[in-house]
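**Student:** coordinates for the following, if possible.
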Amino acid sequence: MTDRFSAGMAEATRLTQAGDLAAATALIQRLLSGATAGPASTPSPAPSPAPAHGAFVGRFHPRPRAGLGETLRGLAARAVPAGLDLGVAGRPAADPLPDGATFTAASYGNGAGTRAYKLYVPANRRDGRPLPLVVMLHGCTQSPDDFAAGTRMNALAEEQGVLVAYPEQPSSANAQKCWNWFSPADQGRDGGEPSLIAGITRQIMRDHPVDPSRVYVAGLSAGGAAAAIMGAAYPDLYAAVGVHSGLPRGAARDLPSAFAAMRQGGGAAGPRSGVPVPTPVPTPVPTIVFHGDRDATVHPRNGDDVAAQSTAGAAGLRAAVEHGQMPGGHGYSRTLHTDAAGRVLCEQWTIQGAGHAWAGGSPAGSYTDPRGPDATREMLRFFLANPHPSRTVRTSDR
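**Tutor:** Reported below is the predicted structural model:
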C-alpha cells in the first residue's frame, strides 16, 4: 500500500467516524480509481442500476445519506461487467418449492445479539436418516431469499437430500447487510458474528436430524470472507468450506485495511500492514474456492490467498491444474492442491472473463453469472466428498 493510499484511507476513516459518509465514499472512490487523494467533496448523483455489492461497505451504524447510496450504486455499475444480473426489476421467478419441502424462518440469539435465518428442509429426506447441512452466507445487500434464488442451492439440495441454512445479516449490524469480516471482534471463535453463525448451526443440529460429520459453510463476497473465518474458528464443527469471490481470514482489521485487501489482495496481511497474522489451523479444513479473473470488486489475488491459507503448513504440497470451457460460457482452470498423502486440501476454480458474481447462478437472484461453471453443484460435490474425519455427536450440540 502506498503512503498516499494509506493517508487517503485514514482520512476516509476520519470522515466516516465524523458521520460524513458521502464525502468518505467520494474519497474512497477516487483512491480505488487511482486518483490523487485530495480533500473530499460531496459527489453528484450517479446512475443507479443496483445497490453496491461485495465486501466493501464498513460497519456504518448510522443510516447512509442519500448521496452515499447514489455513489455506491455508481461504483457498482463500474465494478461489475456488463451482462451480469444485478437484481433489477423483471428478473424471473425463483424455483417453486417441491411438494413436501419447506423453507421457513427462525432466529437464534446469544450475548452477541440475534440473527434471523431461513432453513430449507428438502422433501427428499432419505427415510429419516441424518442429512448433511450447508450454511450459506449471503453477500452485501442480499437476503436469504435472494441468495437462495440466485445460487439455486435449494434445488440442488433437493436432489442430494441436504438441509440448507441462510443466516441473515440485518442492516442494523451493517448498513449494506455485509458480514463484518474485517472487524477483529467478528474474526474469532465464541464471539461476535462467528458465535451467532455457529449458534444457528448448532440449533439446527439440535432441532433436525443432521449428520454431524457432514456440516459445511459457504459464502459469496463478504459472506465468502466470513465462511473462511468460520472454517478456521470452528474446524471441529465444519467439515469443509466454500469461498466464492471472498477474502482470506485476517485480511483486514478495519475499513482502510479492508479496502486495501479488496484492492490488492489479502495475502499482505501482517505486521507491515498492521493486520495481525492469523493463527494457523492445526488441521486444515478442506476448502473449495471460486473467483473470476475479471473481478473488479474483490481482487482475484484474494482467491489465491484463500487457497494458500487453506494449504499452509501442509507437507509435500502438490498442485495439478485442469482446464475447461463451458459451452457458450466461460473458460476456467481447476487446480487441485493435495498433500503428501494425496488428500485434496483445496480445490481452486479461476473463471476466465468472470466478474464479481456467483458462477452458474440463476438470474432469479442478484449478482449471478449464468455463463458458468456451476459453482453450486461443484460445491455440493466437494462438500459431500469431504465428511469430517473425527466429528461425533457431542453433548454441547444437543
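**Student:** how about the nearest residue to G150, chain neighbours excluded?
**Tutor:** Once flanking residues are discounted, G150 sits nearest to G365: 2.1 Å by CB to CB, 6 or more residues apart in numbering. C-beta: built from backbone N, CA, C; applies to glycine.
**Student:** and for Y166?
**Tutor:** Once chain neighbours are set aside, the closest to Y166 by CB to CB, 6+ apart is P144, at 3.4 Å.
**Student:** thought that neighbour was touching P170?
**Tutor:** No - with the criterion set as CB atoms under 8 Å, P144 and P170 do not qualify as a contacting pair; they are 11.4 Å apart.
**Student:** more neighbours, those two?
**Tutor:** The residue with the greater number of neighbours, taking P144 and P170 and applying other CB atoms under 10 Å, is P144; the counts read 23 against 12.
**Student:** residues touching that one, list them.
**Tutor:** Contacts for P144 (CB atoms under 8 Å, 6 or more residues apart in numbering) come out as 117-118, 136, 138, 166-168.
**Student:** list the ones among these that fall in helices.
**Tutor:** Where the contacts of P144 are compared with helices, as defined by DSSP state H, there is no overlap at all.
**Student:** closest to G109 among those residues?
**Tutor:** For those, the residue nearest G109 by CB to CB is Y117; the value is 11.3 Å.
**Student:** if the closest one is in a bridge, with which residues?
**Tutor:** Beta bridges link Y117 to A106, P167, judged by DSSP bridges.
**Student:** buried ones in the helix or strand harbouring I204, by neighbour count?
**Tutor:** I204 is located in helix 192-207, with elements delineated by DSSP states H and E. Under the neighbour-count criterion of 16 or more other CB atoms under 10 Å, helix 192-207 has 192-205 buried.
**Student:** any chance of those residues in JSON lines, plus distance to A312?
**Tutor:** Written out in JSON lines, the entries for the buried residues of helix 192-207 read as follows (distance: CB to CB, whole Å):
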{"residue": "G192", "distance to A312": "24"}
{"residue": "E193", "distance to A312": "24"}
{"residue": "P194", "distance to A312": "20"}
{"residue": "S195", "distance to A312": "25"}
{"residue": "L196", "distance to A312": "27"}
{"residue": "I197", "distance to A312": "23"}
{"residue": "A198", "distance to A312": "23"}
{"residue": "G199", "distance to A312": "28"}
{"residue": "I200", "distance to A312": "28"}
{"residue": "T201", "distance to A312": "25"}
{"residue": "R202", "distance to A312": "27"}
{"residue": "Q203", "distance to A312": "32"}
{"residue": "I204", "distance to A312": "30"}
{"residue": "M205", "distance to A312": "29"}
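**Student:** give me the buried subset of the contacts of P144.
**Tutor:** With neighbours counted using 16+ other CB under 10 Å, the contacts of P144 contain these buried positions: 117-118, 136, 138, 166-168.
**Student:** would you map out the domains in this structure?
**Tutor:** The chain breaks down into these structural domains: 3-79, 102-397 (assignment by automatic domain parsing).
**Student:** mind jotting down where the strands sit in the protein?
**Tutor:** With DSSP state E, the ranges of strands along the chain come out as 102-110, 113-121, 131-137, 163-167, 210-220, 240-244, 287-292, 318-325, 331-338, 344-351, 358-359, 368-369.
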